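S.K.: Can you look at this prediction? I've put the sequence above it.
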Amino acid sequence: MAENREGPRLHSLPYLPHFPLSNWQLLVSAILLLLGYAGGELSRRLGLPRVLGYVLVGAALGDPGLGVIKEGVRNDLHLFIDVGLGMLLYELGQRLDLDWMRRERWLWVTAIAEMVLTWLFVFLVLTLMHHTRLESSLLAAVVISSSPVVVMYMVRDLGADGQVTSRVVTLTALNSMAAFVISATLLSWVHYSYEGGVPTVLFHSIYLLIGSFALGLVVFALYHGLARWFGKADAPQLVLAISMVLLGVGLADALKLSVLCTLLTVGVLAKNANPRRFIRHIEFGVTAELFCVILFVSAGAAWHFTWDGPTLLTAGALIGARYLGKAIPIYGLAAFTPLGVSRAGLVALGLTPLSGFTALLVLDTTNQYHVFAPHLLDVFLSSLVILEIAGPILLQIALLHARETTPET
């Protein structure tokens, strides 16, 4: 028999990697983290917000650019995105001081006025442009919300603290929760008009609203009990806080409740229903940065922007109506607050970022019920892109001009 002189075949060498590579999600995460952080650092050195660099890197690699970060990739990174999201929402909740909010009575008047006028102005603009009342009312409710994620990230990144910062953070938290409540109620009526009766509408609203806040209360109760047992040392407090964030995000997703309301509730209760301070004030710092970079890169990768004239005209009108709805009551009621008119203008600028939660709500509603006409969906998504670029810049200007940032920024 002739001797087999062939060398060993590749498939007989089990120690070599097989293609496609396994655990590629970790490789993608590492690459996105490096590129995203490099973009954020370049943005910072140019005097722009880090978050702008993150989203622009995402846009370059995602759907608007090279198409490397496709929807499947973003779905695989869902855990990293949820962790970053949960951390920022929890930190935002920790900054809401209910005692201070009770003393600042005009803050509540301002918050209600800016929500009502924002909804009214956007609703009127859209209906004047011949969109239906249903889609106009729902989209107007959605854009009430400023972005809690962008606001909290930049406040932490700039080390901002003071009267302007506190009002921006508080108004953002309040209008985000209000946007969720109003949108959930309107979505119930959408569900009714397409599929269900009145009992379905009521149950859907009650489940979303009460369920989200109830879940936050349950997570906080567990958190408080474990914190009492774990003690107040740094390491166990940090591990416990991250665990509760993961638990809150995971349960909210599984139960189809609001991650925003759940985590804000946990943070607010940790700040205000914790008299013996078993739960320490936690800022995740560098730990959160890793997840937040991927969060914002993924957000930029999902951008959708339409360049045609009518879409941009309507988007500009929507953005202008939204800004006026927030600015008019903030300026008008400034005399009743310690701010004064000039600093009140900084608060109005600080509320410019538009919440990315709104994109998910609008897209889910469109996919399920086709409520929004394609043109109006393009208008909304284009407005979101514009405000994800302009919003962080205007927020940074507001915080720097308020002189409430740390000296190194």
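M.R.: In hand now; what should we look at?
S.K.: list the buried ones in whichever helix or strand residue 297 is part of?
M.R.: If you go by DSSP states H and E, residue 297 is part of helix 286-301. For helix 286-301, a neighbour-count test (16 or more other C-beta atoms under 10 Å) marks 288-301 as buried. (Glycine included, C-beta is placed from N, CA and C.)
S.K.: Against which helices or strands is the helix or strand hosting residue 245 packed?
M.R.: Here residue 245 sits within helix 234-255, counting by DSSP H and E. On a contact count with 3 or more C-beta pairs under 8 Å, 6 or more residues apart in numbering; DSSP states H and E, helix 234-255 meets helix 78-94, helix 198-230, helix 259-272.
S.K.: Among the ones you listed, which comes closest to residue 156?
M.R.: Closest to residue 156 of these is helix 78-94 (C-beta to C-beta; 6.7 Å).
S.K.: And the contacts of the helix or strand just after that closest one?
M.R.: Using DSSP H and E, the helix or strand that follows helix 78-94 in sequence is helix 98-103. Applying C-beta atoms under 8 Å, 6 or more residues apart in numbering, the contact partners of helix 98-103 are 107-108, 166, 170, 268, 271-272.
S.K.: Could you identify the most distant pair in these?
M.R.: Most distant of those, by C-beta to C-beta, are 108 and 271, 17.9 Å apart.
S.K.: These two: who's more crowded?
M.R.: residue 271 (17 against 13; other C-beta atoms under 10 Å).
S.K.: The more buried one reaches residue 92, doesn't it?
M.R.: No: the pair residue 271 / residue 92 is not scored as a contact, 10.4 Å apart, by C-beta atoms under 8 Å.
S.K.: looking at the chain, which helix or strand does the model trust least?
M.R.: The least trusted helix or strand in the chain, going by mean pLDDT, DSSP states H and E, turns out to be helix 357-369, with a mean of 64.
S.K.: Which element is encountered next along the chain beyond that one?
M.R.: helix 374-401.
S.K.: sorry, back to before: of the helices and strands packed on helix 234-255, which is nearest residue 322?
M.R.: Nearest of the helices and strands packed on helix 234-255 (C-beta to C-beta): helix 259-272, 18.9 Å.
S.K.: where does residue 354 fall, phi/psi-wise?
M.R.: phi -100, psi 140 (degrees, to the nearest 10).
S.K.: Equivalent analysis for residue 233, please.
M.R.: The phi/psi pair for residue 233 (degrees, to the nearest 10) is phi -60, psi 160.
S.K.: neighbours of it, just the number please.
M.R.: Other residues close to residue 233 by other C-beta under 10 Å number 9.
S.K.: The residue positioned nearest the centre of the chain: helix or strand, and which one exactly?
M.R.: In the chain, the centroid-proximal residue (C-alpha atoms, centre = their mean) is residue 149; its distance is 3.9 Å. Remark: residue 149 resides in helix 148-158, with elements defined by DSSP H and E.
S.K.: in the helix or strand that that helix is followed by, what's buried?
M.R.: Of the helices and strands lying after helix 148-158 in sequence (DSSP H and E), the nearest is helix 163-194. Using 16+ other C-beta under 10 Å as the test for burial, helix 163-194 gives 163-184, 186-192.
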